[in-house]
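Undergrad: Sharing a sequence plus its predicted fold:
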Amino acid sequence: MQKTAQSYITGFRSGENFSPGDSVAGILIKHRMEDGTLALLTRELSSGITEVRENIVRLLEELGSEMDAPTPDKFPIIRDQAIIPALVVVVLPKTTPQQAMPRQF
């Protein structure tokens, strides 16, 4: 079953985590976000608890990568002009110094 943005948020609120590579097919139509999706996600980014916001950031990262036209010889990058401001304007002001530290891979 494909998940919608609202079902992802509900899952995040109940403790589910988003993992890179999880399917976002229920949100994207022809490499574009379904209407209202970004507004719903950014609203939750503004008001949700830390764990939910972190999962939404991972979801937006996956959405941005999926929305970019795939080619085998390029780096994954987020180019969508709606996702970038959502991450920068909404997320960064709520980020603690510990959360801003780069992850070790």
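TA: Cool, the structure landed.
Undergrad: residue nearest the centroid of this structure?
TA: In the chain, the residue lying closest to the centroid (C-alpha atoms, centre = their mean) is Leu60, at 1.7 Å.
Undergrad: what's the biggest helix by length in the chain in contact with?
TA: When secondary structure is assigned using DSSP state H, the longest helix within the chain turns out to be helix 50-67. Defining contact as C-beta atoms under 8 Å, 6 or more residues apart in numbering, one finds that helix 50-67 is touched by 8-9, 12-13, 15-22, 24, 27-28, 31-33, 41, 44-45, 48, 76-80, 83-84, 86-87, 91, 94, 99. Where C-beta positions appear, they are placed from N, C-alpha and C, glycine not excepted.
Undergrad: distance of Gly36 from Ser47?
TA: Here Gly36 is placed at a distance of 17 Å from Ser47 (C-beta to C-beta, to the nearest Å).
Undergrad: Also Asp73?
TA: Per C-beta to C-beta, Asp73 is found 40 Å from Ser47.
Undergrad: Which one's more surrounded, the two?
TA: Ser47 (10 against 4; other C-beta atoms under 10 Å).
Undergrad: Now do the strands in this structure.
TA: Secondary structure of the chain by DSSP state E: the strands cover 28-29, 32-33.
Undergrad: Contacts only, for Ala82.
TA: When contacts are counted by C-beta under 8 Å, 6+ apart, Ala82 touches 33, 38.
Undergrad: pLDDT score assigned to it?
TA: Note for Ala82: predicted pLDDT of 82.
Undergrad: how about the nearest residue to Arg32, chain neighbours excluded?
TA: Nearest non-adjacent residue to Arg32, counting by C-beta to C-beta, 6 or more residues apart in numbering: Met67, 6.7 Å away.
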